[in-house]
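S.K.: Just a sequence and a predicted model for now, questions to come.
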Amino acid sequence: MYWDKEHECMSLEEMQKLQLKGLQETVKWVYEKVPFYKNTFEDMGLKPGDIKSLEDLARLPFTVKTDLRDNYPFGLCAVPMSEVVRIHASSGTTGKPITGPYTAEDLDQWAECMARNLYAAGVRSNDICQNAYGMGLFTGGLGFHQGANKIGVAVIPASSGQTERQVILMQDFRSTALFCTPSYALTIAERAEEMGVDVRALPLRVGVFGAEPWTDEMRKEIEERLGIKAMEAYGLTELMGPGVSFDCPEQNGLHVNEDHVLPEVIDPVTEEVLPLGTMGELVFTALQRRAMPVIRYRTRDMTTLRREKCECGRTLIKMDKVYGRSDDMLIISGVNVFPSQIESLLLEVEGVEPQYVIIVRKKGYLDSMNIDVEAKKEVYEAGKEKIVEIQRKVEEKIRGIIGIGAKVRLVAPKTIARSEGKANRVFDERKM
């Protein structure tokens, strides 16, 4: 049931001792090794010796994405490049990419975290795991690969794309586990249906998905169409990659590997640390990483932290499924809207597919939100009257739950571009 019972089920007292030791060592490490942190600490009048308790974490400065970009590529690296054995990077779609150098020790720690993740999802040494994450600079593919290797499973490094081949591999290699983004899992399910392949009749039994926000409604859709148990992996390039937190069989919050990363939740505006059980922006401090440990990194992900013993027996702190990102939150005529809210409401309406885009525009001084969502084939073929009926139903649901008006348009099946990685759901034309 546990990959590492000692740490996954550790008492709070022992965990906090371990965290304080890791925090003090990391603060001292970056102060001595990274000029950016040393200068920042000194500007604040801080020395490593000032960190005497976990409460002192709040005295430390935040690290934000622009700090990583401003120090591109290796300005935050705390070891000589001769000790770096791998370099990952983010996609860099909004600027310079975020680089992630790793020592051999960093990779071992990452593999351990991913092994916990996959083992909790039910992956065992006799599984055949099809890895359909991109195998490259992005951390997803190799992160899952090394975690699966740690457990000792057979891995098919399929990488993303060539969706028809993904289905053929499932048939021929008898894959029992699938790793990819949730949106790509639905793309695979759709392609299998087009090929006349019943994936539910294949040995595939579990999927571990991440790299993009997804709702419980999306999880149910994946489980129904693929006939599997859909589990989650959460992570980010700045910390290690996937494996920061993970689903257990209870699926009641993600367990954070808090002996490796120390979590907080803050108010994204005031930057005040919030109590457990309060939704806010997730912040992480690396506790064991050596090549590039970040201090109080603001993820922009909005969630809640909970300290409770899970029915699975793990005592690791839980984070709720990410609700959205503070920088992705849409403000429509003064109302805060997360894309995940729209997704949940769409998938509650029969007759639509889990493929949609949100377009936000400004007409004069007023904001408008348009949603294109694919109709199921039988709905689209039923004609205009049925399409209008469902459009109206979705619009009423959004107005009733969120409190804003939206113009919904049902479009033909296969109209919206499919994703082989992270799906792009929002187009805010006000920013263009």
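M.R.: Okay, I see it.
S.K.: secondary structure element for the closest residue to Glu264 other than its chain neighbours?
M.R.: Closest residue in space to Glu264, ignoring its immediate chain neighbours: Val283 at 4.4 Å, by CB to CB, 6 or more residues apart in numbering. Placement of C-beta: from N, CA and C, glycine included. Using DSSP states H and E, Val283 falls within strand 280-286.
S.K.: what's near enough to touch the residue lying closest to Glu32 once chain neighbours are set aside?
M.R.: Leaving aside its sequence neighbours, Glu32 sits nearest to Lys38 (CB to CB, 6+ apart; 7.5 Å). By CB atoms under 8 Å, 6 or more residues apart in numbering, Lys38 lies in contact with Val30, Tyr31, Glu32.
S.K.: now those residues: which count as buried?
M.R.: Val30, Tyr31 (16 or more other CB atoms under 10 Å).
S.K.: now the contacts of Lys38 in JSON lines, with pLDDT, secondary structure and distance to Glu250?
M.R.: Converted to JSON lines, the contacts of Lys38 look like this (pLDDT from 0 to 100; DSSP: H, G, I helix; E, B strand; the rest coil; distance: CB to CB, whole Å):
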{"residue": "Val30", "pLDDT": "98", "secondary structure": "helix", "distance to Glu250": "36"}
{"residue": "Tyr31", "pLDDT": "98", "secondary structure": "helix", "distance to Glu250": "40"}
{"residue": "Glu32", "pLDDT": "98", "secondary structure": "helix", "distance to Glu250": "42"}
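S.K.: which one among the contacts of Lys38 gets closest to Val269?
M.R.: Checking the contacts of Lys38 against Val269 by CB to CB gives Val30 as the nearest, at 26.7 Å.
S.K.: From Arg314, how far out is that closest one?
M.R.: 29 Å (CB to CB, to the nearest Å).
S.K.: Repeat that for Ile331.
M.R.: Taking CB to CB, one finds Ile331 at 37 Å from Arg314.
S.K.: Between these two, which is the more surrounded one?
M.R.: Under the criterion of other CB atoms under 10 Å, the comparison of Ile331 against Arg314 puts Arg314 first, with 22 against 12.
S.K.: Contacts only, for that one.
M.R.: Tyr2, Glu8, Cys9, Ala120, Cys248, His255.
S.K.: can you rerun that using 6 Å?
M.R.: Glu8, Cys9, His255 (CB atoms under 6 Å, 6 or more residues apart in numbering).
S.K.: The strand ranked longest in the chain packs against which elements?
M.R.: Taking DSSP state E as the criterion, the chain has its longest strand at strand 352-363. Judged by 3 or more CB pairs under 6 Å, 6 or more residues apart in numbering; DSSP states H and E, strand 352-363 is in contact with helix 339-346, strand 366-375, strand 426-428.
S.K.: what angle separates that strand from strand 366-375?
M.R.: 160 degrees (axes from the mean of the first three to the mean of the last three CA atoms, to 10 degrees).
S.K.: my guess is Glu223 contacts Ala230, does it?
M.R.: Yes. Between Glu223 and Ala230 there is a contact under CB atoms under 6 Å: 5.0 Å.
S.K.: Give the residue from those two that has the larger number of neighbours.
M.R.: The neighbour count for Glu223 versus Ala230, taken as other CB under 10 Å, is higher for Ala230 (24 against 15).
S.K.: and the gap between that one and Glu217?
M.R.: Counting by CB to CB - Ala230 and Glu217 are separated by 11 Å.
S.K.: which stretches of the stretch 1-150 of the chain have low pLDDT?
M.R.: 91-95 (pLDDT under 70).
S.K.: mind listing the helices in it by residue range?
M.R.: Using DSSP state H, counting those that start in this stretch, the helices of the stretch 1-150 of the chain run over residues 5-8, 12-33, 35-43, 65-70, 104-120, 139-151.
S.K.: buried sites along the fourth one?
M.R.: This points to helix 65-70. Lys65, Asp67, Leu68, Arg69.
S.K.: Need the residue in this protein that's farthest from the chain's center.
M.R.: Glu385 (39.0 Å; CA atoms, centre = their mean).
S.K.: sec struct for it, please.
M.R.: helix (DSSP: H, G, I helix; E, B strand; the rest coil).
S.K.: hang on, the earlier thing: any chance of the contacts of Lys38 in JSON lines, with distance to Asn131 too?
M.R.: As requested, these are exported to JSON lines (distance: CB to CB, whole Å):
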{"residue": "Val30", "distance to Asn131": "33"}
{"residue": "Tyr31", "distance to Asn131": "38"}
{"residue": "Glu32", "distance to Asn131": "38"}
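S.K.: and which of the contacts of Lys38 is nearest Arg289?
M.R.: Val30 (10.2 Å).
S.K.: The nearest residue to Phe284 once chain neighbours are set aside - how many residues pack around it?
M.R.: Take Phe284 and drop its neighbours on the chain: the residue closest to it by CB to CB, 6+ apart is Val261, 4.7 Å away. For Val261, the neighbour count with other CB under 10 Å is 26.
S.K.: can you tell me which residues contact Val261?
M.R.: Leu239, Val244, Phe284.
S.K.: could you dump those residues to a markdown table with neighbour count and distance to Thr181?
M.R.: Shown next, in a markdown table, are the contacts of Val261 (neighbours: other CB atoms under 10 Å; distance: CB to CB, whole Å):
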| residue | neighbour count | distance to Thr181 |
| --- | --- | --- |
| Leu239 | 25 | 18 |
| Val244 | 28 | 16 |
| Phe284 | 26 | 21 |
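S.K.: Considering the residues you listed, which member attains the minimum pLDDT?
M.R.: Lowest-confidence member of the contacts of Val261: Leu239, scoring 95 (pLDDT).
S.K.: does that residue belong to a helix or a strand, and which?
M.R.: Using DSSP H and E, Leu239 falls outside every helix and strand.
S.K.: Surely Ala291 is in contact with Pro101?
M.R.: Yes. Contact status for Ala291 versus Pro101: in contact at 4.3 Å, counting by CB under 6 Å.
S.K.: ok, which stretches of the stretch 201-350 of the chain are strands?
M.R.: With DSSP state E, counting those that start in this stretch as the criterion, the stretch 201-350 of the chain has strands at 206-210, 229-236, 241-246, 254-256, 261-266, 280-286, 297-303, 305-306, 318-319, 324-325, 330-332, 335-337.
S.K.: Next, the angle helix 139-151 makes with the first one.
M.R.: So that's strand 206-210. 140 degrees.
S.K.: cool, the fifth one as well?
M.R.: For strand 261-266 and helix 139-151, the angle between their directions (the same axes, to 10 degrees) works out to 140 degrees.
S.K.: how about strand 261-266 as CSV, C-alpha atoms only?
M.R.: C-alpha atoms of strand 261-266 as CSV (Å, rounded to 0.1, in the frame of the first residue of the first chain):
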residue,chain,number,x,y,z
VAL,A,261,8.6,20.3,-0.3
LEU,A,262,7.3,22.5,2.5
PRO,A,263,3.8,23.9,1.6
GLU,A,264,2.0,27.1,2.6
VAL,A,265,-1.1,28.9,1.4
ILE,A,266,-1.1,32.7,1.1
